[in-house]
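J.: missing the sequence, but the structure's below:
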């Protein structure tokens, strides 16, 4: 049987040289893993297990990991379907957010020099305003951190809320509703995404207008102090009486070029603002990494897909869900996913 499997693989590679099969190693028990990479190239994987948050650190570009450390514990923490701990790393610090089911956003801070985690101030300034449990974090080059989440303050309808911290989570700026749908609510179960480059802050979210569940982009050129009018992504639309539970991915490169990835009606699209979207695959649960040399990940059923857009090279990692990837300082691809209650990783 092993000889037959090898022959099948050899035939696949011969027919399609861009096809490569890889399999992962188990990092630990858990779900909803996230990856960060700081300016020194250190890779950190953050994930949840019940009400606890864990961090695994690699100083060799994701080849090996130190002993997994406990970040903190959040009672009744959201975990599953993009709900779970979020993370971002700057040069000197990593912040992790975790949302409880009552709607509070808990913040934990790692000092890279000391290696110690500390719990910081709750990020949302209205009690219970974020019960949906969907948010994202980003960091700039100067240890400033930015957050976006779904928030129901004032009218119990989901809106896009933004805040930032310049003192590493000890205090947060006044929370601001930066977008509210004219049809009262944005898509209730799709995670918003945030990306930062210097003073530019971009937020992508799935809207709900006239029955359509399309992706929109908010742009700030002044570190989030003000945002321009939201712009729809792509030329198509998706009329849907329900939530697809699929938010997508967003990057900004060094020249402030913006790239997005998202799903519509089971198709995976790559798009830039004011340009026609390009289909690159089929499936859902997509993400985007490496602004300079984009890597796209998604699920096609239970099949894990990784694709480098510039080369067209694709990788098959087997079965699992919620796959994500980054490019390491050495130029390799490091990927994580969950499968049967385990967090798995692969460096290739």
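T.: Happy to help now that I have it. Nothing here was measured: the structure is a model prediction, and the numbers come from that model.

J.: can you pull up the bridge partners for residue 281?
T.: residue 268 (DSSP bridges).

J.: tell me the contacts of it?
T.: By Cβ atoms under 8 Å, 6 or more residues apart in numbering, the contact set of residue 281 is 267, 268, 296, 298, 300, 305, 307. For glycine as for every other residue, the C-beta is placed from the backbone atoms N, C-alpha and C.

J.: residues in contact with the fourth one?
T.: Okay, so that is residue 298. Residue 298 touches 261, 263, 268, 281, 283, 284, 285, 286, 287, 305, 323, counting by Cβ under 8 Å, 6+ apart.

J.: sorry, back to before: and the contacts of residue 281 as CSV, adding secondary structure, pLDDT and distance to residue 63?
T.: Putting those into CSV (DSSP: H, G, I helix; E, B strand; the rest coil; pLDDT from 0 to 100; distance: Cβ to Cβ, whole Å) gives the following:
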residue, secondary structure, pLDDT, distance to residue 63
267, strand, 98, 35
268, strand, 98, 29
296, strand, 98, 23
298, strand, 98, 25
300, strand, 97, 27
305, strand, 97, 23
307, strand, 97, 22
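
J.: all strands for the stretch 51-200 of the chain, in order.
T.: 52-58, 69-73, 86-89, 93-99, 105-111, 117-119, 135-139, 145-151, 159-165, 176-179, 193-197, 200-206 (DSSP state E, counting those that start in this stretch).

J.: Make JSON lines from those strands and add distance to residue 346, mean neighbour count and mean pLDDT to it.
T.: Listed next are the strands of the stretch 51-200 of the chain as JSON lines, based on distance: least, Cβ to Cβ, whole Å; neighbours: other Cβ atoms under 10 Å; pLDDT from 0 to 100:
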{"stretch": "strand 52-58", "distance to residue 346": "12", "mean neighbour count": "21", "mean pLDDT": "98"}
{"stretch": "strand 69-73", "distance to residue 346": "22", "mean neighbour count": "17", "mean pLDDT": "98"}
{"stretch": "strand 86-89", "distance to residue 346": "19", "mean neighbour count": "25", "mean pLDDT": "98"}
{"stretch": "strand 93-99", "distance to residue 346": "22", "mean neighbour count": "26", "mean pLDDT": "98"}
{"stretch": "strand 105-111", "distance to residue 346": "24", "mean neighbour count": "22", "mean pLDDT": "97"}
{"stretch": "strand 117-119", "distance to residue 346": "26", "mean neighbour count": "16", "mean pLDDT": "97"}
{"stretch": "strand 135-139", "distance to residue 346": "24", "mean neighbour count": "25", "mean pLDDT": "98"}
{"stretch": "strand 145-151", "distance to residue 346": "28", "mean neighbour count": "27", "mean pLDDT": "98"}
{"stretch": "strand 159-165", "distance to residue 346": "33", "mean neighbour count": "23", "mean pLDDT": "98"}
{"stretch": "strand 176-179", "distance to residue 346": "37", "mean neighbour count": "16", "mean pLDDT": "98"}
{"stretch": "strand 193-197", "distance to residue 346": "23", "mean neighbour count": "23", "mean pLDDT": "97"}
{"stretch": "strand 200-206", "distance to residue 346": "27", "mean neighbour count": "25", "mean pLDDT": "98"}
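
J.: Tabulate the ones you listed (JSON lines), appending distance to residue 213.
T.: Putting those into JSON lines (distance: least, Cβ to Cβ, whole Å) gives the following:
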{"stretch": "strand 52-58", "distance to residue 213": "30"}
{"stretch": "strand 69-73", "distance to residue 213": "33"}
{"stretch": "strand 86-89", "distance to residue 213": "22"}
{"stretch": "strand 93-99", "distance to residue 213": "22"}
{"stretch": "strand 105-111", "distance to residue 213": "25"}
{"stretch": "strand 117-119", "distance to residue 213": "36"}
{"stretch": "strand 135-139", "distance to residue 213": "18"}
{"stretch": "strand 145-151", "distance to residue 213": "14"}
{"stretch": "strand 159-165", "distance to residue 213": "15"}
{"stretch": "strand 176-179", "distance to residue 213": "15"}
{"stretch": "strand 193-197", "distance to residue 213": "15"}
{"stretch": "strand 200-206", "distance to residue 213": "6"}
